[in-house]
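Chemist: build me a model:
(2 chains)
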Amino acid sequence: MKDDKERYKEIIHRVLDGDADPAEQQAMMDRIQTEPSLKKEFDGMVRALRSLETNERLPVPPFFTAEVMRRLPPRKATLGRRVQDFLLKGRVLKWNMATAFAVMVLLALIITQVVRTRNTPVEIAAVSQKEQVVTVTMNLHAPEAHRVAVAGTFNKWKVDANLLTKQENGVWTISIPLKPGEYSYMFIVDGKAWVTDPNAETYSDDGFGNKNAVVRVKT
Amino acid sequence: MNRSTIAEEHEIIRQCRDGDADQYALLVDKYKAMAYNIAYRMLGDADTAKDMAQESFISAYVALENFQYGSKFSSWLYRIVVNKCKDYLKAERETVPVDEFGDVIPAGERTPEQAASSHQTGDAVQKALDALPIEYRDVIVLKHIEELDYREIADILGVGVGALKVRAHRGREMLKELLERMGVSV
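Modeler: Numbers count the residues shown, from 1 in each chain, chains lettered A, B, ... in the order given. Below is the predicted model:
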């Protein structure tokens, strides 16, 4: 009798694992109707698992991703990546008059050549349209703050990438060139307080009880 | 997860390996909820779970060179999360003080009463999980809370499916007994 109970206990677990075939399931259901201890075992197990499966997931703490990204150690880029970065990344150029003059002459030559080819104006227009960006200005009134940054989807939530400049009236400001699209962002005041822009165009719920400011950039 | 999603993830990993760290945020965003909740269910403490989950993402990033392109990033990540939690519990076990009877109570295997008094979350199920031995807790969390299939759990824990089912079987029975003793649900 004890062996029989143990066998049905095994079947109960096979049912819970989804491994029991229909015949086994039916046999188990029939057996627990006539054996109260097995029914108690089965019902208890089902309730225990139900309590696990209906247990709510904890919401992820705010700024989880930003904190991970900030703590990532630097990774040495491959040669291909370094070449790509050299060619494509923005940089500040220092000019002098001689260089500027040389560049102007070069541009004049290029433009002359372009005008001769007749097809080029269309390409220029296309390139211009493709690379169109709009300068967006963000402001935060925070006269007591010592440092204000903005992090958002446009800079992968980097907390140090875009720092605002303080004006005499206590308003911190920044102008950022953005391509058309919708961007979420937050201000970071003094490196720790994440502040939603009170003057944002609109807001989005980040799913964890906080609001991200949203800016929509149109052409 | 379909093939195109896996291919997209592999492309992201390739870009990260090439030095484009920003791409990694996409993977963190995608898997942070599950990583954090696995850690929470393993550890029973939200702050520690956050630390362990974040440490896991950072460890995974550092070890991206070792990622095998034939495998799933999620399984690889969850293995790191589970192992970090186990390491933490083992380390904690060595520093837990003795109980009122003078016996050392491992942190990973507290009695239900001790587990109940060690948290303020009011989460009865979590208290029962805290009282489960670690080798049962991991499979119960992955199978019955995160609802992964046994093949993926086997991949994450490095244990065969047959052995996992035996552990799940024993873990379920212990969980039921624990909940009964705590007067919860059953």
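
Chemist: any regions of chain A where pLDDT drops low?
Modeler: Per-residue confidence of chain A (counting by pLDDT under 70) places the weak regions at A:1-2, A:75-82, A:84-86, A:88-95, A:114-131, A:207-209.

Chemist: which neighbouring elements make contact with the longest helix seen in it?
Modeler: Across chain A, the longest stretch assigned as helix under DSSP state H is helix A:97-117. With contacts taken as 3 or more CB pairs under 8 Å, 6 or more residues apart in numbering or on different chains; DSSP states H and E, helix A:97-117 sits against helix A:120-130. All C-beta spots, glycine's among them, are computed from the backbone N, C-alpha and C.

Chemist: now do the longest helix of chain A: distance to the chain's middle.
Modeler: Chain-centre distance of helix A:97-117: 42 Å, with CA atoms, centre = their mean, to the nearest Å.

Chemist: pull the CA atoms of that helix into CSV?
Modeler: Below are the C-alpha coordinates for helix A:97-117, written out as CSV (Å, rounded to 0.1, in the frame of the first residue of the first chain):
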residue,chain,number,x,y,z
MET,A,97,44.5,81.6,-41.1
ALA,A,98,46.8,79.7,-43.5
THR,A,99,44.8,76.5,-43.0
ALA,A,100,41.5,78.3,-43.4
PHE,A,101,42.7,80.0,-46.6
ALA,A,102,43.9,76.6,-48.0
VAL,A,103,40.5,75.0,-47.2
MET,A,104,38.6,77.9,-48.8
VAL,A,105,40.6,77.5,-52.0
LEU,A,106,40.0,73.8,-52.0
LEU,A,107,36.3,74.3,-51.4
ALA,A,108,36.1,76.8,-54.3
LEU,A,109,37.8,74.2,-56.6
ILE,A,110,35.4,71.5,-55.5
ILE,A,111,32.3,73.7,-55.9
THR,A,112,33.5,74.8,-59.4
GLN,A,113,33.8,71.1,-60.3
VAL,A,114,30.4,70.3,-58.8
VAL,A,115,28.6,73.0,-60.8
ARG,A,116,30.1,71.7,-64.0
THR,A,117,28.8,68.2,-63.4
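
Chemist: okay, buried residues for it please.
Modeler: When burial is assessed from 16 or more other CB atoms under 10 Å in any protein chain shown, helix A:97-117 yields no buried residues.

Chemist: same question for stretch A:183-200.
Modeler: Quick answer for stretch A:183-200 (16+ other CB under 10 Å): A:Tyr183, A:Ser184, A:Tyr185, A:Met186, A:Phe187, A:Ile188, A:Val189, A:Asp197, A:Ala200.

Chemist: taking those residues one by one, which sit in helices?
Modeler: With DSSP H as the criterion, helices contain none of these.

Chemist: pick out the most distant pair among the residues you listed.
Modeler: A:Tyr183 and A:Val189 (19.4 Å; CB to CB).

Chemist: what's in contact with whichever strand or helix holds B:Leu179?
Modeler: Assigned by DSSP states H and E, B:Leu179 falls within helix B:161-181. Contact partners of helix B:161-181, identified using CB atoms under 8 Å, 6 or more residues apart in numbering or on different chains, comprise A:13, A:16-17, A:19, A:44-45, A:48-49, A:51-52, B:112, B:124-125, B:128-129, B:131-133, B:135-137, B:139-140, B:143-144, B:150-151, B:153-154, B:157, B:159, B:185-186.

Chemist: show the buried residues in those.
Modeler: Buried among the contacts of helix B:161-181 by 16+ other CB under 10 Å: A:13, A:16, A:44-45, A:48-49, A:51-52, B:112, B:124-125, B:128-129, B:131-132, B:136-137, B:139-140, B:143-144, B:150, B:153-154, B:157, B:159, B:185-186.

Chemist: so after the worst-scoring helix or strand of chain B on mean pLDDT, what's the next helix or strand?
Modeler: Within chain B, confidence by mean pLDDT, DSSP states H and E is lowest for helix B:112-117 among all helices and strands, at a mean of 48. Sequence order places helix B:124-131 as the next helix or strand after helix B:112-117, per DSSP H and E.

Chemist: between helix B:161-181 and that following helix, find me the angle.
Modeler: 120 degrees (axes from the mean of the first three to the mean of the last three CA atoms, to 10 degrees).

Chemist: list the helices and strands helix B:124-131 packs on?
Modeler: By 3+ CB pairs under 8 Å, 6+ apart, helix B:124-131 packs against helix A:36-53, helix B:24-43, helix B:112-117, helix B:161-181.
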